[in-house]
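Enquirer: next one to model:
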Amino acid sequence: MLSPRSARLLRGLIRAQFTVAVLGGIIVALFWGLTNALGFVCGAGLIGIGTWVAASRSFGAPAGPTTSMGRIWLGLAFKWFFLGLMLYLAIAVLRLPPVPLIAGLLAAQLGFLALAFQSDRAG
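Expert: A predicted model of the protein is given here:
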């Protein structure tokens with residue numbers, strides 16, 4: 001179970017990733033077209049969904065340190081497995097352009113890291 005402060009932080013981080021997806025998609029659409037924008041939004045959106053998936057697997061009922069670390073590692077492994085599978089489907093099945101897809105993925109992940117470090121310094 002998350003503390004109220006942690007839950008707020010997590011919601012803010014996921015919201016930031018989806019904001020990057022939408023704003024970046026609009027910018028990419030204006031300069032490089034809708035197909036590239038769809039790839040960007042898909043990549044950035046996958047990171048937001050992956051963060052939610054990892055958090056839902058990582059946080060549960062209070063447990064000891066070993067169990068908690070195991071949950072965190074399992075959540076991260078599940079997130080990256082999910083992302084790998086979705087990237088494969090987006091590139092191989094949906095035939096989205098890979099460069100904007102990876103660019104969206106990186107932009108959302110960098111947004112996550114920037115906000116996480118900013119929140120960490122704030123207290």
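
Enquirer: any idea how far the closest residue to residue 111 other than its chain neighbours is from residue 107?
Expert: Leaving aside its sequence neighbours, residue 111 sits nearest to residue 20 (C-beta to C-beta, 6 or more residues apart in numbering; 4.4 Å). (C-beta placed from N, C-alpha, C; glycine too.) With distances taken as C-beta to C-beta, to the nearest Å, residue 20 is found 5 Å from residue 107.

Enquirer: could I get the average pLDDT for the helix or strand residue 78 falls within?
Expert: Using DSSP states H and E, residue 78 sits in helix 65-88. Over the span of helix 65-88, the pLDDT mean works out to 88.

Enquirer: got the contact list for the closest residue to residue 41 other than its chain neighbours?
Expert: Leaving aside its chain neighbours, residue 41 sits nearest to residue 25 (3.9 Å; criterion: C-beta to C-beta, 6+ apart). Shown in contact with residue 25 (C-beta atoms under 8 Å, 6 or more residues apart in numbering): 37-38, 40-41, 44, 104.

Enquirer: who's in contact with stretch 55-70?
Expert: 1-2, 6, 10, 14, 71-72, 74-76, 78-79.

Enquirer: how about stretch 26-33?
Expert: With C-beta under 8 Å, 6+ apart, stretch 26-33 has contacts from 36-37, 40, 100.

Enquirer: quick one: average pLDDT of it?
Expert: 96.

Enquirer: include neighbour count when you put the contacts of stretch 26-33 into CSV, please.
Expert: Listed next are these as CSV, based on neighbours: other C-beta atoms under 10 Å:
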residue, neighbour count
36, 20
37, 21
40, 30
100, 25
